[in-house]
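>>> Return a 3D structure for these sequence lines:
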Amino acid sequence: MRTKPVPTTSIAYSNAEKIIVHEADLVNDLIGELTFTEMMLFMLTGKKESTQAQVRIMDAVLVTLMEHGLTPSAIATRLIYHSAPDSLQSAVAAGLLGVGTTFIGTMEGCAANIEEILAAPEGLEARALAIAQRHHQSRKPLHGFGHPHHKPDDPRTPKLFAVAESENVPGRHIGALRTLSAQVDKVYGRHITINATGGVAALLGEIGIPQKIMRGIAVVSRSAGLVGHILEESRKPSAAFIWETVEEAIPYVKE
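This next block holds a predicted model:
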């Protein structure tokens, strides 16, 4: 009889006396010793000692992604809180479902393009041009570029780059994104801003965060922002107004 392999975890375990996380004692080594950002990096990298650059860049990313007003995710959270005020976590979860490939979570797609450019044997500019042409011809969204409100440029992106560059990061991911930006403007025949998620993709790449979990950083950040919306909703309700406004603005039409 074949024996099934036994799965293991290297993240944490506990017993009656202690809790161990990545070989560190939670009580004696981590609580009161690491900040939230440092602990998050520890969970992702398994290394207790984060560099100043890693911490400062991750902090900048978390702050950037936390809030952007009454966006679809915030509206969803407020409406669900209005429906189920006894279930704060459900309201937050409803908003987090909007962290996808249209809003907030687009750093994953941008990071994939950056990685493709960096790995291209023909050079950065040639592959960046090919990516821009591919998206333009297929009319598919180019993740990390464009914004409905911030024009001609997203003010968050230069600040993100400045934070990273002040920490003397290698700059390969930022350079690849800037190369792609130049080719995008050339192919599309107009300037298209690098939006915040594009900047985030480059910064997270600079500190070694894998592309496949970058959206998780947005989930962590936006969770805090949505809790803030719930607190305001509890004090200054707007969900009923939003509901009534939609009901009045969208008429029933018989097909």
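
>>> I104 contacts G98, doesn't it?
Yes. If you go by C-beta atoms under 8 Å, I104 and G98 touch, sitting 6.9 Å apart. C-beta: built from backbone N, CA, C; applies to glycine.

>>> Which of these two has more residues huddled nearby?
For I104 versus G98, neighbours defined as other C-beta atoms under 10 Å are more numerous around I104 (24 against 19).

>>> Leaving aside the residues adjacent along the chain, what's closest to that one?
A218 (4.9 Å; C-beta to C-beta, 6 or more residues apart in numbering).

>>> what sits against the one you found?
By C-beta atoms under 8 Å, 6 or more residues apart in numbering, A218 lies in contact with 65, 99, 104-105, 107, 197, 200.

>>> Widest-spaced pair of these?
The most widely separated members of the contacts of A218, counting by C-beta to C-beta, are V99 and V200 (12.4 Å).

>>> The two: which is more packed in?
V200 (30 against 20).

>>> what residues are up against the more buried one?
By C-beta under 8 Å, 6+ apart, V200 lies in contact with 61, 64-65, 107, 160, 214, 217-218.

>>> now whichever strand or helix holds it: how far from the chain's centre is it?
When elements are defined using DSSP states H and E, V200 is found to belong to helix 196-206. When C-alpha coordinates are averaged (C-alpha atoms, centre = their mean, to the nearest Å), helix 196-206 and its chain have centres 9 Å apart.

>>> tilt between the next helix-or-strand element following it and helix 196-206?
Heading C-terminal from helix 196-206, the first helix or strand you meet, by DSSP H and E, is helix 214-235. Per axes from the mean of the first three to the mean of the last three C-alpha atoms, to 10 degrees, the angle that helix 214-235 makes with helix 196-206 is 130 degrees.

>>> Following helix 214-235 in sequence, what is the next regular element?
Note on helix 214-235: by DSSP H and E, the next helix or strand toward the C-terminus is helix 239-249.

>>> Export the contacts of V200 as JSON lines, with columns for pLDDT and distance to A84.
As requested, those are exported to JSON lines (pLDDT from 0 to 100; distance: C-beta to C-beta, whole Å):
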{"residue": "V61", "pLDDT": "98", "distance to A84": "31"}
{"residue": "T64", "pLDDT": "97", "distance to A84": "30"}
{"residue": "L65", "pLDDT": "96", "distance to A84": "25"}
{"residue": "M107", "pLDDT": "93", "distance to A84": "30"}
{"residue": "L160", "pLDDT": "97", "distance to A84": "36"}
{"residue": "M214", "pLDDT": "95", "distance to A84": "30"}
{"residue": "I217", "pLDDT": "96", "distance to A84": "27"}
{"residue": "A218", "pLDDT": "95", "distance to A84": "24"}
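
>>> Could you dump those residues into CSV with distance to E247 added?
As requested, those are exported to CSV (distance: C-beta to C-beta, whole Å):
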residue, distance to E247
V61, 38
T64, 34
L65, 32
M107, 35
L160, 40
M214, 37
I217, 36
A218, 31
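
>>> Can you report how many residues lie near R134?
13.

>>> likewise E122?
Neighbour tally, E122, other C-beta under 10 Å: 9.

>>> Please enumerate the shared neighbours of I104 and G98.
Here I104 and G98 share the contacting residues S73, scored by C-beta under 8 Å, 6+ apart.

>>> Can you give me the buried ones in stretch 11-28?
20-21, 24 (16 or more other C-beta atoms under 10 Å).
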